[in-house]
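Engineer: Sequence and computational prediction follow.
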Amino acid sequence: MKPPTAELRALIDKLLDEGPLSRVETSRLEELLHDPEAMRYYNETMAGEVMLGQVLGEMPEIIAPPARRRFPWVAVWLPAAACLAFFAGRWTHEPLPPETTATPPPRAPVQVTGVVGVSWQPDAGPGLQAGAAVAQRLAFRTGLVELTYPDGVCVTLEGPADFSVGDGRTSSLAFGKLVAHVPHGAEGFTVKFPDGKVVDLGTEFGLDVQANGRTELGVFDGEVKLHLDDESQGRPLFANQAVIRGDQDGKALRAVPFDRGKFVRRLPARDFPWMLDSTAPKEIEIDVSHLVWKPSRYCAIFKWIGGQDAIHVSDVRLLLDGKPVVADPHTGTTGFLHLVKDNMYHLEVPSEAYARGRWTIRATVRPMPRLDPGDTKPVKSEGILQFEEGLVDHAAEADFIGRWSYHYLGTRFVREFHPDGTASLVSSDGANHPDFPSARWHVEKGVLYLNYPTISRTEAHVLRDKETLIFTTNSYDNAKKEAPAKADGSR
C-alpha cells in the first residue's frame, strides 16, 4: 500500500480528535476516498482505533486510555456510503437521540430584499417588493431581484429569469443569471439547473442558464462542485475558474476565461454623489445603466448634504448612448430645508425609445446667489442624486402610516405617521423634536408633506417601495419601516 498523503492523514486525525468535520472538509475527504489506496488506509485506521479502544477497556483501571482519541464505535470495515454518514456526524460514540414526534418549528421564509426595474411574468411574482416573503417561484422578464435566505445566503437574479426557492437549501434556476453569496455555516446550498446542479462549498459563484440549453458557471471565490446529470461524480471548481456546457461542443464541458463583468453581484446603488466648487455653471453626468431596465417613469432627486451654498438644478436629461431620450427642463433648488424647492425631476421613458445600452443622467448645477454680496468664501456644496423608480409618484396615504427608523450622525430616530394626520418623533438619546406635536401630514401625487406651523417649514418624503422612505428635502439616510407591534408590545 502506498503511503497516505499528508492531507488525508490530517483529515482523518481531525475526525478522530475533534469529531464531525465541516461540510467542506467532508466533501474533500469524500473525494480523496475515491482512491482505493486511500480508502484502504481509512478502513485500517478505523479498525485499529476500534480494537485499541476495546483492548484498553479490558486492561486494569490504573492504565488509563490516551485522552487524545475519541474512539468511535464503528464497524471494522466501512463501505463508502457508510463513511459519508460517519463524516456527517451520525455515527459517533454518543448514543442516538430518542425519536420524537414534536412538530419542528416553521422554516423562516426567503425574503425579497431588493427589486430594481422588474417586469414580472403574470403567473409568478407580480407585486412583490422589498420585504415580501417568497412562497416558491419567481419569473420576470427584466430587472434585478435580490433574495435573502434565513441562513444568510444572498442570491441576486437578473432577468429574464425563472427561479424557484425550493426548500431553502436546494433551489432551481430554469433560465436566467444568478449570483449566490454563501456565508460560513451555510455551505451545501444547491442550485439545480436543467441538466445538473451546483453545490456550494463556501463561496460566491455565478450561473448563467440560457433558454437554448447553454450553461455557464464561474466561481468568484471559494469552491463549488458541479454535478452533471450524465456524469457519476461531481467536478470541483475553484476561485477564478469557469466552464461552459452546451455551446459549439454540444454537451461537452469546456474551460473558459471567467467573465466576471457579465454578472451583477449586488444590487446597484441608487444614490450618486455630486459636488459644486465653482461659481460657474457645471454639467454633471452620472451612469445609471443598471437602474434602467425597462420603459418606465423614473425620478431624479437632487439632495443637498453639506456645504455653505445652495444650488440651482436645471436641464435634467436622460440619455441612451449619449443621445437624449427624455428631459425635465424646470429649475429647482436644493440646500438647507428652507431653500429646497422642486428638486424632483420626472423622466418617463416610452416603450418605443427604450433599449439596453448606456443610460446616463445629465444636469446643470450652479450656486444660488448669497444673501451677503460681500461674502467671498469659496463655493462649496455637495450632495447626492437619488435615481428612483417605483412608488415614488403614486404611493397612497396608507403606505406611509407606521413607524420609520433611520440614523443621523450616529443617533437612531423613529418617526411615526399616525392615521389621524399627526406625526411623532423619538430618538435613541431620549430627545424629542419640539415642533412635532403641531406637525401635520398629507399626501399629494405620491409625496408626503409634513408641515410644521410653528417654524413655517415643510418636509417632503417619497417611497422607493413599501419598506423604504426617502427624505427628499433633508440630508438624512433612507428610513426603513418597522414591523407592527405584537400583542405583547414587541416587534
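Structural biologist: Cool, the structure landed. Numbering: from 1, shown residues only.

Engineer: How many residues are close by residue 409?
Structural biologist: Counted with other Cβ atoms under 10 Å, residues neighbouring residue 409 total 6. All C-beta spots, glycine's among them, are computed from the backbone N, C-alpha and C.

Engineer: Please report how far it lies from residue 358.
Structural biologist: Distance from residue 409 to residue 358, counting by Cβ to Cβ, to the nearest Å: 36 Å.

Engineer: Quick check: which ranges of the stretch 251-400 of the chain have low pLDDT?
Structural biologist: For the stretch 251-400 of the chain, no stretch has pLDDT under 70.

Engineer: Spell out, range by range, the helices that occur in it.
Structural biologist: With helices called from DSSP state H, counting those that start in this stretch, the stretch 251-400 of the chain shows them at 397-400.

Engineer: so when I look at residue 16, I'm seeing a helix, right?
Structural biologist: Yes - counting by DSSP: H, G, I helix; E, B strand; the rest coil, residue 16 is part of a helix.

Engineer: Could you tell me the per-residue confidence at it?
Structural biologist: The score at residue 16 is 73. That number is its pLDDT.

Engineer: burial count for residue 335?
Structural biologist: For residue 335, using other Cβ under 10 Å, the count is 23.

Engineer: what sits against it?
Structural biologist: 304, 309, 310, 311, 368, 381 (Cβ atoms under 8 Å, 6 or more residues apart in numbering).

Engineer: Which ones among those residues map onto strands?
Structural biologist: The strands, defined by DSSP state E, take in 304, 311, 381 from these.

Engineer: And the residue lying closest to residue 324 once chain neighbours are set aside, how far from residue 396?
Structural biologist: Closest residue in space to residue 324, ignoring its immediate chain neighbours: residue 317 at 5.1 Å, by Cβ to Cβ, 6 or more residues apart in numbering. Using Cβ to Cβ, residue 317 is found at 30 Å from residue 396.

Engineer: Equivalent analysis for residue 332, please.
Structural biologist: In terms of Cβ to Cβ, residue 332 sits 25 Å off from residue 396.

Engineer: if you count what's nearby, which of these two comes out ahead?
Structural biologist: Each of residue 332 and residue 396 has its neighbours counted (other Cβ under 10 Å); residue 332 has more, 18 against 11.

Engineer: Hmm, that one is touching residue 363, no?
Structural biologist: No - counting by Cβ atoms under 8 Å, residue 332 does not reach residue 363; the two are 10.0 Å apart.

Engineer: so what's in contact with these two at the same time?
Structural biologist: In contact with both residue 332 and residue 363: 302, 313, 314, 345, using Cβ under 8 Å, 6+ apart.

Engineer: how about low-confidence regions in the stretch 51-200 of the chain?
Structural biologist: Residues of the stretch 51-200 of the chain that meet the cut-off, pLDDT under 70, sit at 51-107, 125-127.

Engineer: same thing but at 90, please
Structural biologist: In the predicted model of the stretch 51-200 of the chain, residues 51-109, 111, 113-114, 119-137, 151, 166-169, 184-185 satisfy pLDDT under 90.

Engineer: What count of nearby residues applies to residue 311?
Structural biologist: Residue 311: 24 neighbours (other Cβ under 10 Å).

Engineer: Oops, could you answer that again for residue 305 instead?
Structural biologist: 15.

Engineer: Pretty sure residue 386 is one of the things it touches, is it not?
Structural biologist: No - contact criterion Cβ under 8 Å: residue 305 and residue 386 do not qualify, at 11.4 Å.

Engineer: neighbours around residue 153, how many?
Structural biologist: There are 19 residues near residue 153, going by other Cβ under 10 Å.

Engineer: Check residue 372 too.
Structural biologist: Every residue meeting other Cβ under 10 Å relative to residue 372 is counted, giving 8.

Engineer: measure the nearest residue to residue 144 once chain neighbours are set aside to residue 358 for me?
Structural biologist: Of all residues not flanking residue 144 in the chain, residue 116 sits nearest, at 4.3 Å (Cβ to Cβ, 6+ apart). Distance of residue 116 to residue 358, given as Cβ to Cβ: 17 Å.

Engineer: show me the contacts for the residue nearest to residue 144.
Structural biologist: So residue 116 contacts 143, 144, 145, 267, 268, 290, 291, 293, 389 (Cβ under 8 Å, 6+ apart).

Engineer: What are the structural domain limits within the protein?
Structural biologist: 6-87, 110-262, 271-388, 397-481 (automatic domain parsing).

Engineer: ok now the helix or strand hosting residue 7, how far from the chain's centre?
Structural biologist: In the assignment (DSSP states H and E), residue 7 maps to helix 6-18. Relative to the chain's own centre, helix 6-18 is displaced by 36 Å; criterion: Cα atoms, centre = their mean, to the nearest Å.
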